[in-house]
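Visitor: quick one, what's the 3D model for this:
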Amino acid sequence: MAAATSDRPVAFPPESGFLDAMAALAGGVCVVTALTSEGRPVGFTSTAVMSLSREPRLLAIGVGHRGRTLPALLEGRRFALNILHADGEHVSRRFAGPATDRFTGLEWSAGGSGGLPVLLAHSSYAVLCRVVRDLPTGDHQLIVAAVEDVVPGTGGPSALVYHDRRYHALGAA
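Guide: Predicted coordinates:
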């Protein structure tokens, strides 16, 4: 059966309703990190992350067009997905805020062959990725990436989740 089409404009729900609905969707809190072409570490907090494929190992992230990290992702084609452990709220807030140098005073190391900034002291895992596809989608860019390596962090099996505009720790001791 063919899909119905119409020339009528699409009626979008009010922005507040959309944001309220998305706030009800719990998401694991991650920090996406990369290197600029000058070798400077950059990153941002994200819950727009999904496992896409087991074979080949692919994941997807959403990246805002106005963020400072998107150019590094598109130019360098590599990033680390740091899956924050339950005690990582302070790290999430740092990378979600307006600071320009989010790495100063934060424990991090260079990971993988490209020396990507990884936050192992604050993460359950760091997933090292290579961008294989990017797609403009509204005010964000959808990035599809191949997983090149998975590095265990020091956080153990705990997780930081964002739900209803608040942080929640899961599996914390």
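Visitor: the biggest strand by length in the chain: what's the following helix or strand?
Guide: Scanning the chain for the strand with the most residues, using DSSP state E, yields strand 123-137. The helix or strand immediately downstream of strand 123-137 is strand 140-152, counting by DSSP states H and E.
Visitor: helices or strands up against that following strand?
Guide: strand 58-64, helix 70-76, strand 123-137 (3 or more Cβ pairs under 8 Å, 6 or more residues apart in numbering; DSSP states H and E). Quick note: C-beta positions are derived from backbone N, CA and C, even for glycine.
Visitor: how about TSV for those, with mean pLDDT added?
Guide: Putting the helices and strands packed on strand 140-152 into TSV (pLDDT from 0 to 100) gives the following:
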stretch	mean pLDDT
strand 58-64	97
helix 70-76	96
strand 123-137	96
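Visitor: the ones you listed: which one's closest to Ala34?
Guide: helix 70-76 (4.2 Å; Cβ to Cβ).
Visitor: now find how far off-centre the next helix or strand after that closest one is within its chain.
Guide: Counting by DSSP H and E, the next helix or strand C-terminal to helix 70-76 is strand 78-84. Taking Cα atoms, centre = their mean, to the nearest Å, the mean C-alpha location of strand 78-84 is offset from the chain mean by 7 Å.
Visitor: perfect, that will be all.
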